[in-house]
Structures are given as structure tokens and as C-alpha cells.
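Novice: model this:
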Amino acid sequence: MQPIRIEEVDKGRDVYYLSLEQVDNTHDTLLFYTNHSEVFAYIEDELVYSLEAAESVFGRTPGAMWNTIILPTDAAEIRIEVAMVYPELAKQDVEFELGNAINMYRQIMDGCVWELALATAIIIIGIALFLYWMLVFNKINKQRELLYLGFFAIIFGIWNFGETQFAVFMFDNRAFWSYLAFTCLMTMCLPALFFFREFLEVEDKYLYKGIGLYIGLETVITQLLHITGIMGVKETANYTMVSIVLILIYLFYGIIVGIKKRKNTRKITVNIIGLLILVITAAIDMSSYYTNIQDAQKVAKVGFLFYAILLGIETTRTAKERLQEEQKMELIKEMAVKDMLTGCYNRNAYNEDVQQLKKLDGIQIIGFDLNDLKKCNDTKGHLAGDKYISDAAHMISDVFREFGKVYRIGGDEFCIITKGVSQERFEKKKAQLKTAIGHYRLDHPDSGFGIACGFATYDAKTDTNIENIRHRSDISMYENKKEMKAQN
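Specialist: Predicted coordinates:
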């Protein structure tokens with residue numbers, strides 16, 4: 001529906017005159033879209049519709065809005081005044097549509113399906129990356145780029161949702177959604193900066209901190225300006241655009257450093273492609289704030305989504321490769337400190353843990369020795385001897401695991417370094433071990449299976465090192481061995 005004429009009252013304030021000759025019972029609704037503009041509609045100088053900017057913590061803008069006016073069938077003309085809240089921005093072209101309300105609403109909803117799908121996809125990607133990091137890397141605090149990219153995608157997706165025609169049409173408080181959009185735009189800058197630093201493995205000291213400081217201050221100060229009503233969201237957009245430009249500069253810097261240091265070429269390639277996409281889409285998106293071109297924002301968001309998907313795929317792949325590499329390193333490390341036959345910690349692990357003990361106060365040693373292992377090896381062979389050692393190690397671990405690590409420090413010698421164990425508690429565990437040995441002998445009557453154990457606590461008067469404690473534990477253990485042989 002074309003206006004009869006348009007009058008420019010002053011900068012940012014236009015008056016549209018529309019003929020109502022085509023209005024009838026089936027075409028009685030006027031629909032038009034405005035962005036950050038006040039609207040006043042008059043029929044014969046009587047105000048029939050208004051959209052005014054109200055002062056609130058969310059700013060003084062009505063935000064983006066679909067304006068709906070039910071028209072009378074007996075009027076000849078309607079006058080609509082559109083006044084931009086921010087006249088310094090580019091003039092927006094208002095398009096009017098006359099028709100049936102239900103049909104026009106359905107058309108709007110049908111047209112925003114892909115926007116909703118786009119916003120939902122971004123949020124899902126962000127949540128998936130966040131959950132993947134929480135489940136796989138949180139405990140070891142590694143691959144934080146996944147966490148930062150997840151936060152960035154979630155915030156970016158919420159921003160997308162607030163800007164969809166669905167949100168514009170469904171939610172009346174457009175000032176809030178406009179405020180939310182700018183808040184998201186500001187807050188997504190920090191996780192983006194953190195992500196690029198982690199992902200590209202940039203090791204700078206000053207540029208990263210300087211950009212982060214600016215973004216942090218810009219976010220806090222602009223929010224204060226919004227809340228106090230000193231400046232609106234559109235008026236502070238330039239400061240946020242500076243943050244985006246600084247992040248692009250940092251991304252460019254990271255790529256150049258990576259190329260010079262010959263780092264992961266796949267990452268560099270992905271980010272070169274992404275940098276080109278971001279430069280183009282950021283320029284388009286920035287221009288949309290000043291030109292009010294909705295299609296420009298759509299193009300920019302698709303570009304951002306494409307780059308987010310690229311980064312998500314590459315980051316996940318890199319994280320998986322690093323996890324596999326770390327698992328290999330952990331396996332190698334474990335093989336260095338674990339006894340392969342029994343699964344207990346070996347002498348290397350024992351020596352390493354002993355060296356890390358700063359004080360001996362309260363340290364206790366529980367020592368173990370297997371009875372007649374040599375006889376088992378000589379009469380039944382070394383396979384039977386290995387089974388004897390393995391079964392004994394599992395039994396010791398099952399009974400005494402709550403006291404600490406079980407070390408195999410010799411062929412048939414085991415020990416535990418512990419603390420805070422009373423003599424009474426040790427005796428209870430010793431009795432449990434005796435019961436377990438008895439059950440084992442019932443199933444293996446010819447095994448000669450037996451485990452002697454001893455216990456000693458640090459004594460400042462006699463012990464100068466941990467080996468003194470272990471020696472007294474051995475004395476206690478040999479006494480137990482004599483008792484066992486006497487009973488047999």
C-alpha cells in the first residue's frame with residue numbers, strides 16, 4: 001500500500017498520508033514495521049493509534065515493532081507520523097500493508113520460521129559445546145576454548161532470537177528486547193576474545209589484556225549509561241562496535257603469529273576463512289544499525305552462524321585429538337608408576353611419593369609380605385606364582401584401599417603409606433584380611449596362600465626417615481608371619 005504523499009517535517013520525523021478507499025470488511029487492518037521510532041496515527045485529526053517511547057531502565061526507545069491499526073470503513077484518509085528516537089541514524093523506509101489481520105499475521109509467522117531455526121540452532125550448538133566441555137574436560141580444566149565458544153554461541157543465539165520477527169511480533173515490551181540485544185552484543189565480546197586466545201594459542205601479555213580491559217569497562221560503563229538514562233542503546237552502539245573491531249584485530253594478530261610460528265595449519269586455515277567471513281558480516285551487521293536494513297542483519301547472522309559451525313567442528317576435532325594425546329601420555333605415565341602384574345603402584349611411585357613428604361609427623365606404614373611364594377614358584381611354576389601375587393594384591397586392595405595407595409615395593413612385598421589410623425582400626429582390618437584368606441584357602445586348598453601384615457607409626461624418638469617406620473612395620477609383619485605359621 002503506497003502513501004498518497006510523504007512530508008518530512010524535520011530530520012528523522014516523517015508524515016505519511018494514506019488513502020482508505022480500499023478498506024472494506026475483509027481488508028480493514030493496516031500493518032507496518034518500525035524500528036526505534038515513535039508512531040502517531042490520526043483520522044480526521046483524531047488520534048487512533050500511538051506508539052510512544054517511555055523512559056525505563058531499558059532505554060527510551062520503543063524498539064522494533066509491528067504496528068497494527070484497525071481501520072474504519074467510512075474514513076477517507078489516515079495520517080501517520082513516524083518520529084525516529086535517534087534522528088542521527090539513517091532514515092528508515094516504512095512499508096504499509098493493507099489486508100486481513102489473520103492472513104497478514106500468518107504471513108509474518110511463516111516468514112520467520114527460518115530465523116527461529118537459525119537462532120535455535122546457534123543456541124543448541126552453544127549448549128552442546130558447553131555440556132561437552134563440562135562432561136569431558138571440566139575436571140582437568142583443559143580445552144577451555146570449547147567453554148568460551150559455547151558461551152559465545154549461547155549469547156549470540158539469544159541475541160538472534162530477540163531480533164527475529166517472531167520475537168518482534170509476539171513480545172510487546174520491545175524496549176526490553178532491544179536492550180537485551182545490545183547487552184548480548186556487548187557480553188559476547190569477552191568470551192569471543194577468550195576463545196580466540198585459547199584456540200589460536202596466542203601468548204601475548206599486553207594486547208589481550210588491553211582489549212579485555214576495554215571490553216570490560218565498555219560493558220560496565222555503557223550499562224550504567226543505559227540504566228541512568230543518560231544515553232540509549234543506539235547512542236552507545238559505536239563503543240560496542242569498537243569492541244568488535246578490536247576482537248577482529250586480535251584474531252588477525254593471532255593468525256599472523258600462528259603463521260610465523262608455523263602452528264596448526266588447519267586452525268590457521270579455518271580462521272583465515274572465518275576472518276574474511278567475520279570482516280564482511282561484521283561490516284554488514286554494523287551498517288544495519290545505521291541503515292535499518294533488516295536483510296543486512298539476516299545476511300550477517302548467517303555468516304556468523306557459518307563461522308560458528310566451522311569453529312565448533314574444528315574446536316571439537318582439536319579437543320578430541322588433544323584428549324587422545326593426553327590419554328596416551330596418561331597411559332605412559334601410568335605404566336611408569338604402576339605394576340603391570342598387580343595394578344598396584346610400583347617402587348618408582350613409592351619413591352616419588354616419599355620424596356614429596358615434607359613432614360613425617362603422623363605418618364604410618366602398613367607392610368605386607370606373602371607366605372611361601374618361593375615354594376609356590378618352585379613346586380607349581382611361575383605362572384602359579386604370578387597368580388598368587390596378583391590374587392594377594394587384589395585382596396590387600398579390597399580390604400585396605402580406604403587407607404591409601406597400595407605399593408608393590410618388592411617381589412612379594414607390599415605397603416601402604418597412611419595417616420590417622422588407630423591400632424584398633426588396623427586390627428579390625430587385619431581380621432578382615434584373615435577372614436578373606438580363609439575363604440580363599442577353602443577354594444584353593446593346595447595353594448598355601450597367606451599374607452602377613454604389620455603396622456607402625458612415626459616415632460620422633462627413633463625414626464629419622466620413613467624407612468625407619470617401614471623397618472618397624474616389617475618387624476611387626478614378621479611377628480604376624482610367625483603367628484600364621486604356628487597356626488598352620
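Novice: tell me what whichever helix or strand S397 is part of is packed against?
Specialist: Here S397 is covered by helix 382-400, with elements defined by DSSP states H and E. On a contact count with 3 or more Cβ pairs under 8 Å, 6 or more residues apart in numbering; DSSP states H and E, helix 382-400 meets strand 363-370, helix 373-380, strand 406-408, strand 413-419, helix 423-443, strand 451-457. C-beta here means a position set from N, CA and C on the backbone, and glycine is covered the same way.
Novice: quick one: Y17 and E77 touch, right?
Specialist: Yes. Contact criterion Cβ atoms under 8 Å: Y17 and E77 qualify, at 6.2 Å.
Novice: any common contacting residues for the two?
Specialist: Here Y17 and E77 have I4 as joint contacts, going by Cβ atoms under 8 Å, 6 or more residues apart in numbering.
Novice: In JSON lines: the helices and strands packed on helix 382-400, plus distance to Y132 and mean neighbour count.
Specialist: Listed next are the helices and strands packed on helix 382-400 as JSON lines, based on distance: least, Cβ to Cβ, whole Å; neighbours: other Cβ atoms under 10 Å:
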{"stretch": "strand 363-370", "distance to Y132": "42", "mean neighbour count": "23"}
{"stretch": "helix 373-380", "distance to Y132": "48", "mean neighbour count": "15"}
{"stretch": "strand 406-408", "distance to Y132": "35", "mean neighbour count": "24"}
{"stretch": "strand 413-419", "distance to Y132": "38", "mean neighbour count": "21"}
{"stretch": "helix 423-443", "distance to Y132": "42", "mean neighbour count": "13"}
{"stretch": "strand 451-457", "distance to Y132": "45", "mean neighbour count": "23"}
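Novice: Mean pLDDT lowest where, among the ones you listed?
Specialist: Set side by side, those give their lowest mean pLDDT on helix 373-380, at a mean of 87.
Novice: and that one, what does it pack onto?
Specialist: Contact here means 3+ Cβ pairs under 8 Å, 6+ apart; on that basis helix 373-380 packs against helix 382-400.
Novice: Could you list the buried residues of the helix it packs on?
Specialist: Buried positions in helix 382-400, judged by neighbour count with 16 or more other Cβ atoms under 10 Å: 385, 387-389, 391-393, 395-397, 399-400.
Novice: do stretch 208-221 as well
Specialist: For stretch 208-221, using 16+ other Cβ under 10 Å, the buried residues are 208, 211-212, 214-215, 218-219.
Novice: export those residues to CSV and tack on pLDDT and secondary structure?
Specialist: Below are the buried residues of stretch 208-221 laid out as CSV (pLDDT from 0 to 100; DSSP: H, G, I helix; E, B strand; the rest coil):
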residue, pLDDT, secondary structure
Y208, 87, helix
I211, 92, helix
G212, 91, helix
Y214, 93, helix
I215, 92, helix
E218, 90, helix
T219, 88, helix
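Novice: between the helices and strands packed on helix 382-400, which gets nearest to K320?
Specialist: Minimum separation from K320 across the helices and strands packed on helix 382-400 (Cβ to Cβ) falls at strand 406-408, 33.6 Å.
Novice: Give me the helices and strands touching that closest one, please.
Specialist: Contact here means 3+ Cβ pairs under 8 Å, 6+ apart; on that basis strand 406-408 packs against helix 347-355, helix 382-400, strand 413-419.
Novice: So what's the gap between stretch 226-242 and the chain middle?
Specialist: 28 Å (Cα atoms, centre = their mean, to the nearest Å).
Novice: and it, how far apart are its ends?
Specialist: Chord length of stretch 226-242, first to last residue, is 18 Å (Cα to Cα, to the nearest Å).
Novice: what's R144 in contact with, if anything?
Specialist: Taking Cβ under 8 Å, 6+ apart, we find R144 in contact with 133, 137, 194, 198.
Novice: pLDDT score assigned to the residue in the chain sticking out farthest from the centre?
Specialist: Going by Cα atoms, centre = their mean, the residue of the chain most distant from its centre is A486, 63.5 Å out. A486 carries a pLDDT value of 78.
Novice: for the protein, where's the lowest mean pLDDT among helices and strands?
Specialist: Ranked by mean pLDDT, DSSP states H and E, the weakest helix or strand in the chain is helix 265-291, scoring a mean of 62.
Novice: which one is K481 nearest to, not counting chain neighbours?
Specialist: A452 (3.7 Å; Cβ to Cβ, 6 or more residues apart in numbering).
Novice: I figured that neighbour hits M484, correct?
Specialist: Yes. Assessed by Cβ under 8 Å, A452 is found in contact with M484 at 5.9 Å.
Novice: Need the overlap of contacts for the two.
Specialist: By Cβ under 8 Å, 6+ apart, the residues touching both A452 and M484 are N371.
Novice: How about the backbone phi and psi for K338?
Specialist: phi -110, psi 140 (degrees, to the nearest 10).
Novice: wouldn't it be in contact with Y345 here?
Specialist: Yes. Because the distance of 6.2 Å satisfies Cβ under 8 Å, K338 is recorded as touching Y345.
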